[in-house]
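Asks: sequence first, predicted model second:
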Amino acid sequence: MATDERIAKYEDKMNKTMEALVKELGTIRAGRANPHILDKITVDYYGAPTPLQQVANVTVPEPRMIQIQPWESSLIKDIQKAILTSDLGINPNNDGKSIRLVLPELTEERRKELVKDVKKKGEAAKVAIRNIRRDANEAFKKLAKQDVSEDEIKELEENIQKLTDKFGKNIDKTVEEKSKEILTV
């Protein structure tokens, strides 16, 4: 039982790394309208930076269009400004009541750039997982000074390596799925 507790905290850290990667990949647009590409956008709402989803209704009426309906019409200009200053590269269309974002067709060159970016993010997540493994192994080595047998430490290190391999494969699979989604025309 003690072994599981010592490994569990590192597995939890690896899970959080994986969740962060999935969340980050969700914000990359792949040609189809996805309201999550707006997750990073904040709007100045009464002096406080507020996530866009908390001040407006975000819908996808068509496969390549996102519609943003603010709850207060006075926010339209602020939302438009926030979208223009973001790194989305989309020009918002304002009709006075709502904002429409028409997602342009991605060029093949842009798709390849996005795939490279996805792979970079995947590699960064793998590095984070390996750093967690290193921290775990260092912690296990310190256990040797606390009368823990070498066999037990060896077993802990093998278990953390198995976890590292498992999460590495999950990251590869997630990156591959996102890359496939981006490259699909």
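Replies: On my side now, so go ahead.
Asks: the residue most distant from the middle of the chain, which is it?
Replies: In the chain, residue 147 marks the outermost C-alpha relative to the chain mean, sitting 41.2 Å out by CA atoms, centre = their mean.
Asks: phi first, then psi, for it.
Replies: Dihedral angles of residue 147 (phi, psi; degrees, to the nearest 10) stand at phi 60, psi 40.
Asks: strands of this protein, start to end?
Replies: 42-45, 48-51, 56-62, 65-70, 92-94, 99-102 (DSSP state E).
Asks: helices along this structure, start to end?
Replies: Ranges of helices in the chain, per DSSP state H, are 2-26, 76-85, 108-143, 150-183.
Asks: in CSV, list the ones you listed along with mean neighbour count and mean pLDDT.
Replies: For glycine as for every other residue, the C-beta is placed from the backbone atoms N, C-alpha and C. Listed next are these as CSV, based on neighbours: other CB atoms under 10 Å; pLDDT from 0 to 100:
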stretch, mean neighbour count, mean pLDDT
helix 2-26, 15, 85
helix 76-85, 16, 86
helix 108-143, 16, 90
helix 150-183, 16, 90
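Asks: domain ranges for the chain?
Replies: Listed domain ranges for the chain are 2-27+107-183, 35-102 (source: automatic domain parsing).
Asks: which residues touch the most centrally placed residue in the chain?
Replies: Geometric centre of the chain, nearest residue: residue 24, 1.6 Å, by CA atoms, centre = their mean. Contacts for residue 24 were tallied using CB atoms under 8 Å, 6 or more residues apart in numbering; they are residue 121.
Asks: now do stretch 74-92: everything it contacts.
Replies: With contacts defined as CB under 8 Å, 6+ apart, stretch 74-92 is touched by 29, 37-38, 40-45, 52, 55-56, 68, 70, 94, 96-104.
Asks: what's the end-to-end length of that stretch?
Replies: Stretch 74-92 has an end-to-end distance of 16 Å (CA to CA, to the nearest Å).
Asks: chain center to that stretch, what's the gap?
Replies: With CA atoms, centre = their mean, to the nearest Å as the basis, stretch 74-92 stands 21 Å off its chain's centre.
Asks: going forward, the N-terminal residue is numbered 726.
Replies: Renumbered: residue one is now 726, and that last one reads stretch 799-817.
Asks: circling back to that earlier point, for residue 785, which of the helices of the chain is the nearest?
Replies: helix 727-751 (13.9 Å; CB to CB).
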